[in-house]
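Asks: when you get a sec, could you give me coordinates for this:
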Amino acid sequence: MRMRDWVVLSGNANRPLAQKICEKLGKPLGHAEVRRFSDGEVFVEIKENVRGRDVYVIQSTCRPVNDTLMELLVMIDALKRASAKEITAVVPYYGYARQDRKVAPRTPISAKLVADLLTSAGATRMVSMDLHAGQIQGFFNIPFDNLFSSPVIMEHLKQKMVGHTEIVMVSPDAGGVERARAYAKRLNAAVAMIDKRRTGPNVAKAMNIVGDVKGKTAVILDDMIDTAGTLTEAVNAVLDHGAREVFAAATHGVLSGPAIERLMASPIQQVIVTDTIPLSEQAAACRKVVQLSVADLLAEAIYRIHNYDSVSSLFI
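Replies: Alright, predicted model coming up:
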């Protein structure tokens, strides 16, 4: 009898990250064929026995989000019907997370819809990283581990900020102040916040800055950078208030639409993202974008989950 046998599989969203995670775990990436019928429908065939095994499916629901989400759902369904014992969906980037509440009449709560789809498909546990809103964990009736990229980003910032005596961690909105405070505590930095107004989808206007940034090196922290509209507005606002130079750090580098053009035209020094989402060719070639890997962190979390060890102690 195989005790606690397990396998790691991946969809097509971010196979390089899955390979790195498996290298850290010392396990080969399991064989799963994920392809399309001629009309675009997703076809999945698990190429190895998963009966009675614990399965970890690594799949960010990133661009193209609808395709990668459907791949994940079909993979989970295939595993359930193949009698996998436990199915853990490891979703480093959780798509549709920005629609976590009704912001206007007759709008959906898509983050809840995706939670229902994953649970109905057969997922028995969820793992994600830096959710856009922490309360999304409450949309699931299965165990949910929300990991943080802070150990990886913080280590890079510590090296990058050597020689910078006055540092201020800047939150681009009120919702991110707790994140900025956590970084500031460990980097012995000040905290500031930008008061912004969102005038439409992917459109934000920086209004005021709460806190002192004059003469300091500012690091703008966020969970994701999509079109970089909010970020470039924040950079200009911080510099207008006297900051010496500006860096930015975010877990998820969505970097869609005009993001790279905006970053290249911006006076920002460096943009730090992780590999929860693979960079496009344009983003990878951008000299201002630095990508860090969270593979070791995800691998350690998977190992601890499988062995019933503490995951929260990774972030103490």
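Asks: tell me if Leu255 really is in a helix.
Replies: No: counting by DSSP: H, G, I helix; E, B strand; the rest coil, Leu255 falls outside a helix, being coil.
Asks: leaving aside the residues adjacent along the chain, what's closest to it?
Replies: By the measure of Cβ to Cβ, 6 or more residues apart in numbering, the closest residue to Leu255 outside its immediate chain neighbours is Ala283, 4.7 Å from it. For glycine as for every other residue, the C-beta is placed from the backbone atoms N, C-alpha and C.
Asks: let's verify the one you found: helix, strand, or coil?
Replies: Under three-state DSSP, Ala283 comes out as helix.
Asks: tell me if I'm right that it and Val289 touch.
Replies: Yes: the criterion here is Cβ atoms under 8 Å, and Ala283 meets it with Val289 at 5.5 Å.
Asks: any shared contact partners between these two?
Replies: Here Ala283 and Val289 have Gly253, Leu255, Ile260 as joint contacts, going by Cβ atoms under 8 Å, 6 or more residues apart in numbering.
Asks: reformat those as JSON lines; add distance to Arg244 and neighbour count.
Replies: What follows is those, written out as JSON lines (distance: Cβ to Cβ, whole Å; neighbours: other Cβ atoms under 10 Å):
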{"residue": "Gly253", "distance to Arg244": "25", "neighbour count": "27"}
{"residue": "Leu255", "distance to Arg244": "26", "neighbour count": "27"}
{"residue": "Ile260", "distance to Arg244": "25", "neighbour count": "21"}
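Asks: closest one of those to Arg36?
Replies: Nearest to Arg36 among the shared contacts of Ala283 and Val289: Leu255, at 25.1 Å, using Cβ to Cβ.
Asks: now the closest one: phi and psi?
Replies: When read as degrees, to the nearest 10, the backbone of Leu255 gives phi 50, psi 60.
Asks: with Ser256 instead?
Replies: phi -100, psi 170.
Asks: quick one, helices of the stretch 51-200 of the chain?
Replies: Listed in chain order, the helices of the stretch 51-200 of the chain (DSSP state H, counting those that start in this stretch) span 65-81, 110-121, 150-160, 177-187.
Asks: any low-confidence regions in the protein?
Replies: Counting by pLDDT under 70, the chain contains low-confidence residues at 1-3, 197-207.
Asks: deepest of the helices of the stretch 51-200 of the chain, which one?
Replies: helix 65-81 (a mean of 20; mean count of other Cβ atoms under 10 Å).
Asks: next, the angle helix 110-121 makes with that helix.
Replies: 30 degrees (axes from the mean of the first three to the mean of the last three Cα atoms, to 10 degrees).
Asks: what about the strands in the stretch 201-316 of the chain?
Replies: Ranges of strands within the stretch 201-316 of the chain are 203-210, 217-225, 245-253, 270-274, 289-292, based on DSSP state E, counting those that start in this stretch.
Asks: which among those strands is found nearest to Ala111?
Replies: Short answer: strand 217-225, nearest of the strands of the stretch 201-316 of the chain by Cβ to Cβ, at 13.3 Å.
Asks: elements contacting that closest one?
Replies: strand 167-171, helix 177-187, helix 229-240, strand 245-253 (3 or more Cβ pairs under 8 Å, 6 or more residues apart in numbering; DSSP states H and E).
Asks: would you turn the strands of the stretch 201-316 of the chain into JSON lines with distance to Glu86?
Replies: What follows is the strands of the stretch 201-316 of the chain, written out as JSON lines (distance: least, Cβ to Cβ, whole Å):
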{"stretch": "strand 203-210", "distance to Glu86": "41"}
{"stretch": "strand 217-225", "distance to Glu86": "28"}
{"stretch": "strand 245-253", "distance to Glu86": "26"}
{"stretch": "strand 270-274", "distance to Glu86": "26"}
{"stretch": "strand 289-292", "distance to Glu86": "30"}
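Asks: nearest to Lys80, out of those strands?
Replies: strand 245-253 (28.0 Å).
Asks: what's that closest one in contact with?
Replies: Contacts of strand 245-253 from elsewhere in the structure, counted by Cβ under 8 Å, 6+ apart, are 62, 93, 129-130, 149, 153, 156-157, 160, 217-225, 231, 235, 238-239, 267-274, 276-277, 279, 283, 289, 291, 294.
Asks: just the buried residues out of these, in PyMOL syntax.
Replies: Of these, the buried ones go into a single PyMOL selection, burial set by 16 or more other Cβ atoms under 10 Å:
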select buried, resi 62+93+129+130+149+153+157+160+217+218+219+220+221+222+223+224+225+231+235+238+239+268+270+271+272+273+274+276+277+279+283+289+291+294
